[in-house]
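Engineer: how does the following fold in three dimensions:
(2 chains)
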Amino acid sequence: MADMDWDALDDETFRRAVADFFRTEYPEEIRFPAHFLRWAQCQDWYRKLYAKGLAAPAWPREWGGMGLSPGKLLAFIEEQEKHGVARTPDIGITLLGPLLIRFGTEQQKREFLPPTLRGEYIWCQGYSEPNAGSDLASLRTEAVLDGDEYVITGSKIWTSFAMDATHMFVLVRTDKQAKKQEGISFMLVDMKSPGITVRPIRNLNGSEHFAEVFLDQVRTPARWLVGQPNQGWTMAKALLGFERISIGSPKLSQTGLQRLERIVQARGLSADAAFMDRFTQLKLNVADLTSVYGRFAEIVKRGGTLGPDVSLLKIFASETFQRITELTLEAGGDAGAIEGEVAFGDAAIDILSPFYNARPATIYGGSNEIQRNIIAKSVLNLPG
Amino acid sequence: MAAASLAELAEGAEDTHRMLRDAAVNFAARETSIARVRALRGTGPGYDRAVWRSLADLGWTGILIPELHGGLGLGLGEMATVLEEFAKTLSPEPLNAVAVLAAGVLVQGDNDALRAELLPGLALGRVLPALAGQDPHGGIEPLEIATRVEAGMLRGEKRFVVPAEADGYLVTAQDADGPAVYWVEQGAAGLQRSFELRADGSRSGRLVLDGVKVSDAQRVASPAVAGAALQRAIDIATVMAGAELLGVMRRALDLTLEYMRTRVQFGKPIGSYQALQHRAVDLFIDKELAVSVLADALLHLDGDDGQLALWASRVKSRCSDAGLRIGRESIQIHGGIGYADECDIGLYLKRAMVLSAWLGNGAMHRRRYAALTAARAPA
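Structural biologist: Predicted structure coming up:
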């Protein structure tokens, strides 16, 4: 099964096969989880994916991936979302793998890809810093070459799953003289290296999947620098392609709307005309979000390149999701401030978690204000 | 389905669309102008018969009319392409109201003789019929009508008739067996006509039918088909009004963005200020949503998925609200000059207001969408 040629299946058969697998094999207790899953909660599931050859849908087959076409990859992600299959701490698979395959040396690929695929190396991403959020290119964590090692000092923040990670890929400044974006390199670090401290950050939803990572003269081999020195920024940006469409997926909004619909029924809100106008507005927003997502998905399926206008998808998807979670609080009435699952009719619904989870959606991946700046300049040609 | 044939199909459709779009762009340059639009405001009939005949020469009045009756027998996608481009010019000729709405009622009706008599003339641009479907209270339910036919006489009142000055009217009325549609020529005894001025300077008609004699030969649609015929024609015209709104909002947004690039205040183009940039981006997003829902609707409707009413309400609620918002915000971004009648941007707002109110505004279609989706009990 592991060396099955998934890409040879026709689209419908492929989608069905993947859907069946997610429906029957995924553990029920972690379906549609209210919180991000830690590695301990989902490593069995990851091993199952790996055994079945489904762990790395976007990787080429020579590295153990499924070698999916863009259309099938999108179908894979859509079915994953549809069946409430949570993403494991998989940034090594989704981001680092494709980057190494494209820009890494043969030695780097051999050293890192197989253990990453086997789930032995868990990666975290060190991009943001306390003083480099939206203005990421102003990052100051520094790496200085000392013999055949780089010595890294600085701190990274909003690092997801740093506590679970065995390795981190970081953007670091290697040339302080160069212009902002041009002095940045991309390198790999072992989380067990001396000088690394991880401080978990508790979020509004009470979970601790973010962390701050302090690097105090951390030594990493010079051969772990990926690509050319000072080209890290360009490389990191080149690989945001698929993230830009999946970040605009209507799925969160669709499931949020179903949750809201159950509360509307349980509380008899359909008789409230003022409420229903806003509810219907959101319903239409989700329908139209699905249409606009379909437009961009079509470009990806045909192997086309997404333009800067795809930013509108992220803006509308995240803001629609937020509005749904806000109206859900309102629909809950007095229960709209109760933590955990609350009974509505015969359904038990966690109202607050989606509300909290929707907050960072307009902040990460380039805040919605940054996305608006991008559209203003690159699509509407407004002056800088 | 073979991928290659689908691609060819799409390519063929793209060619037709490109040709139609090019023709519309040429028309805009040759036959109309904002000066003409301004000159016709507040006049009767408010459109130009010569321009109407040019539209007919281009085939646009017959796009949705079957070839059998002298039309081109093309699809909704082609009609939408033309209407979107045509709407950018703000031309007051009632292309949607006549070639989609009135033509649709005739085509969907069950009077072969009347179809054969009226449709070729409509396609050739010689006959302009208007649907007189709404009673004075308005609304989007075509069968909520008090107008009646009794002993061969039509009695009642109609309002919001577009074009107000037509060659004849397709009048909805309660027959002995249910709702029906009758063809009443302009000038018929017992027909009185008056006008209300719409925001964009065009006319909306009021008809009083005080014992207008009608025969079975004038019955365009019998009670057996009238309800479905009206609903289908109105829903399609509603989708097409979305295409018109899209044309209006595209042009309004283009004008506003150009103004933002060139208008200088505090030593810089106002388009360099982030507060205004973000407002403009939100308008752009609204426009893109309108593009997406309309494209999706046309794709599904060409395959006739049996959900015309749902698509019509989705399109109209999005396009009405987006058109109005882009119109209003464009005035704000233009600042003082935007409030002056001499500045063209106001013309786009006013057309958006008219198209938004016509065939049900955003709120009405949201209510209908809610009712339609509740009726089919979502999972």
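
Engineer: contact partners of stretch A:357-366?
Structural biologist: A:34, A:134, A:158, A:203-205, A:243, A:247, A:252, A:256, A:311, A:314, A:317-319, A:321-322, A:324-325, A:368, A:374 (CB atoms under 8 Å, 6 or more residues apart in numbering or on different chains). From N, CA and C alone the C-beta is placed, and that goes for glycine too.

Engineer: what's the end-to-end length of it?
Structural biologist: Start and end residues of stretch A:357-366 are separated by 16 Å (CA to CA, to the nearest Å).

Engineer: for stretch A:192-204, same thing?
Structural biologist: Note: stretch A:192-204 ends 29 Å apart using CA to CA.

Engineer: now do the buried residues in that stretch.
Structural biologist: A:Ile196, A:Val198, A:Asn203 (16 or more other CB atoms under 10 Å in any protein chain shown).

Engineer: would you mind putting the residues you listed into JSON lines with pLDDT and secondary structure alongside?
Structural biologist: JSON lines is the format used below for the buried residues of stretch A:192-204 (pLDDT from 0 to 100; DSSP: H, G, I helix; E, B strand; the rest coil):
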{"residue": "A:Ile196", "pLDDT": "98", "secondary structure": "strand"}
{"residue": "A:Val198", "pLDDT": "97", "secondary structure": "strand"}
{"residue": "A:Asn203", "pLDDT": "93", "secondary structure": "coil"}
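
Engineer: turn those into TSV, columns for distance to chain B.
Structural biologist: What follows is those, written out as TSV (distance: CB to the nearest CB, whole Å):
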residue	distance to chain B
A:Ile196	38
A:Val198	36
A:Asn203	27
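
Engineer: between these, which sits nearest B:Ile326?
Structural biologist: A:Asn203 (37.4 Å; CB to CB).

Engineer: so which of the buried residues of stretch A:192-204 is the closest to A:Ile184?
Structural biologist: Checking those against A:Ile184 with CB to CB, the nearest one is A:Ile196 at 20.0 Å.

Engineer: next, the contact list for that closest one, please.
Structural biologist: Taking CB under 8 Å, 6+ apart, one finds A:Val189, A:Val213, A:Phe214, A:Leu215, A:Asp216, A:Val218 in contact with A:Ile196.

Engineer: most remote residue from the middle of the chain, which is it?
Structural biologist: Using chain A here. A:Ala271 (38.8 Å; CA atoms, centre = their mean).

Engineer: switch to chain B, please.
Structural biologist: Most remote from the centre of chain B, using CA atoms, centre = their mean: B:Gly267, at 43.1 Å.

Engineer: measure that one to chain A for me?
Structural biologist: Look at B:Gly267 and chain A: by CB to the nearest CB, to the nearest Å, they are 12 Å apart.

Engineer: can you give me the strands for the stretch 51-200 of chain B?
Structural biologist: Per DSSP state E, counting those that start in this stretch, the stretch 51-200 of chain B carries strands over the ranges B:129-132, B:148-150, B:153-161, B:168-175, B:178-185, B:191-197.

Engineer: can you mark which positions in the shortest one are buried?
Structural biologist: Of the residues in strand B:148-150, B:Val149 count as buried by neighbour count, 16+ other CB under 10 Å.

Engineer: got a list of contacts for that strand?
Structural biologist: Residues contacting strand B:148-150 (CB under 8 Å, 6+ apart): B:Leu154, B:Arg155, B:Gly156, B:Ala173, B:Gln174, B:Asp175, B:Ala176, B:Ala180, B:Tyr182, B:Val214.

Engineer: just the buried residues of the residues you listed.
Structural biologist: Here, 16+ other CB under 10 Å leaves B:Leu154, B:Arg155, B:Gly156, B:Ala173, B:Gln174, B:Asp175, B:Ala180, B:Tyr182, B:Val214 buried among those.

Engineer: which one of these is nearest to chain A?
Structural biologist: Lowest distance from chain A to those (CB to the nearest CB) belongs to B:Gln174, with 29.4 Å.

Engineer: which residues does that closest one contact?
Structural biologist: B:Ile145, B:Ala146, B:Thr147, B:Arg148, B:Val149, B:Ala180.

Engineer: beta partners of the fourth one?
Structural biologist: Looking back up the chat, that one is B:Arg148. B:Arg155, B:Gln174 (DSSP bridges).

Engineer: repeat for A:Val213
Structural biologist: Beta bridges link A:Val213 to A:Lys156, A:Val198, judged by DSSP bridges.

Engineer: so it touches A:Lys156, yeah?
Structural biologist: Yes. Between A:Val213 and A:Lys156 there is a contact under CB atoms under 8 Å: 4.5 Å.

Engineer: now do the shared contacts for these two.
Structural biologist: A:Gly126, A:Met168.

Engineer: what is the burial count for the nearest residue to A:Gly340 once chain neighbours are set aside?
Structural biologist: Once flanking residues are discounted, A:Gly340 sits nearest to A:Asp350: 6.2 Å by CB to CB, 6 or more residues apart in numbering or on different chains. Burial of A:Asp350 is recorded as 16 neighbouring residues (other CB atoms under 10 Å in any protein chain shown).

Engineer: and A:Asp350, what pLDDT?
Structural biologist: Model confidence at A:Asp350, given as pLDDT, is 94.

Engineer: show me what contacts it?
Structural biologist: A:Ala34, A:Gly340, A:Glu341, A:Val342.

Engineer: from start to finish, how long is stretch A:371-380 in a straight line?
Structural biologist: Using CA to CA, one end of stretch A:371-380 lies 12 Å from the other.

Engineer: how about it and chain B, any contact?
Structural biologist: Yes. Residues of stretch A:371-380 contacting chain B under CB under 8 Å from any CB of the partner chain: A:Arg372, A:Asn373, A:Ile375, A:Ala376, A:Val379, A:Leu380.

Engineer: dump the residues you listed into JSON lines; add neighbour count as well.
Structural biologist: As requested, those are exported to JSON lines (neighbours: other CB atoms under 10 Å in any protein chain shown):
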{"residue": "A:Arg372", "neighbour count": "23"}
{"residue": "A:Asn373", "neighbour count": "20"}
{"residue": "A:Ile375", "neighbour count": "24"}
{"residue": "A:Ala376", "neighbour count": "26"}
{"residue": "A:Val379", "neighbour count": "17"}
{"residue": "A:Leu380", "neighbour count": "22"}
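
Engineer: what are the buried residues along the helix of greatest length in chain A?
Structural biologist: Longest helix in chain A by number of residues (criterion: DSSP state H): helix A:273-301. By 16+ other CB under 10 Å, the buried positions in helix A:273-301 come out as A:275-276, A:278-293, A:295-297, A:300-301.

Engineer: same deal with stretch A:335-352?
Structural biologist: In stretch A:335-352, counting by 16+ other CB under 10 Å, buried: A:Ala335, A:Gly336, A:Val342, A:Phe344, A:Ile349, A:Asp350, A:Ile351, A:Leu352.

Engineer: with only the CA atoms kept, save stretch A:290-299 in CSV.
Structural biologist: Output of stretch A:290-299 as CSV, limited to C-alpha atoms (Å, rounded to 0.1, in the frame of the first residue of the first chain):
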residue,chain,number,x,y,z
THR,A,290,-17.2,28.8,-1.1
SER,A,291,-17.6,30.3,-4.6
VAL,A,292,-14.6,32.5,-4.4
TYR,A,293,-12.5,29.7,-2.9
GLY,A,294,-13.6,27.5,-5.8
ARG,A,295,-12.3,30.2,-8.2
PHE,A,296,-8.8,30.2,-6.7
ALA,A,297,-8.8,26.4,-6.2
GLU,A,298,-9.4,26.0,-9.9
ILE,A,299,-6.3,28.0,-10.6
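
Engineer: so how far is that stretch from its chain's centroid?
Structural biologist: The chain centre lies 19 Å from the centre of stretch A:290-299; the measure is CA atoms, centre = their mean, to the nearest Å.

Engineer: which ones among the residues of stretch A:371-380 next to chain B are found in helices?
Structural biologist: A:Arg372, A:Asn373.

Engineer: now do the same contact list for B:Asn96.
Structural biologist: Taking CB under 8 Å, 6+ apart as the test, what B:Asn96 contacts is B:Leu83, B:Ala237, B:Met240, B:Ala241, B:Glu244.
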